[in-house]
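# Let me see the structure of the following:
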Amino acid sequence: MTATVRDNPAENRFEIFEDGQRVGFADYKLNGDTIAFTHTEVDSAFAGRGLARRLVTTALDDARRRGLAVLPFCPYVRKVIAADPESYLDLVPQDRRSRFGLAEATG
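Okay, the predicted model is just below:
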């Protein structure tokens, strides 16, 4: 099975598809050069396959490519950033990290 992630700016979310079926999404609000992730969800029938992580890491990689600052209001997005701070912590503005419980990861 093949999973594909696409940005759907009309719906303000990244969506993940498996074999053409949308199985999850990560909602966001874009404001200038900042993207705020608000909610991530994957259909429970597809749980445990790493799809949520792939969705979020692809969205974070896209934010980096576009030069966007990330505000991880979504708990799962925060979890992904905290689990791999070397890859993603720099996307969260340093003065906003403590708001998301990420300040301790700055080392």
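
# Number of residues surrounding the residue lying closest to residue 103 once chain neighbours are set aside?
Nearest residue to residue 103, sequence neighbours excluded (Cβ to Cβ, 6 or more residues apart in numbering): residue 97, at 4.6 Å. The way it works is simple: take the backbone N, C-alpha and C, and place the C-beta from them, glycine included. The number of residues packed near residue 97 is 19, by other Cβ atoms under 10 Å.

# Give the other helices and strands that the longest helix belonging to the chain contacts.
Longest helix in the chain by number of residues, with DSSP state H as the criterion: helix 51-65. Counting contacts by 3 or more Cβ pairs under 8 Å, 6 or more residues apart in numbering; DSSP states H and E, helix 51-65 packs against strand 3-8, strand 13-18, strand 21-31, strand 34-42, strand 69-72, helix 75-83, helix 85-88.

# Of the ones you listed, give the one that comes closest to residue 48.
Residue 48 lies closest, by Cβ to Cβ, to one member of the helices and strands packed on helix 51-65: strand 34-42, at 9.6 Å.

# how much does that closest one deviate in direction from strand 13-18?
Between strand 34-42 and strand 13-18, the angle comes out at 30 degrees (axes from the mean of the first three to the mean of the last three Cα atoms, to 10 degrees).

# Any buried residues in strand 34-42, and which?
For strand 34-42, the neighbour count (16 or more other Cβ atoms under 10 Å) marks 35, 36, 37, 40, 42 as buried.

# related to what we said a few turns ago, ranking the helices and strands packed on helix 51-65 by burial, who's on top?
Highest mean neighbour count among those (mean count of other Cβ atoms under 10 Å): strand 69-72, with a mean of 23.
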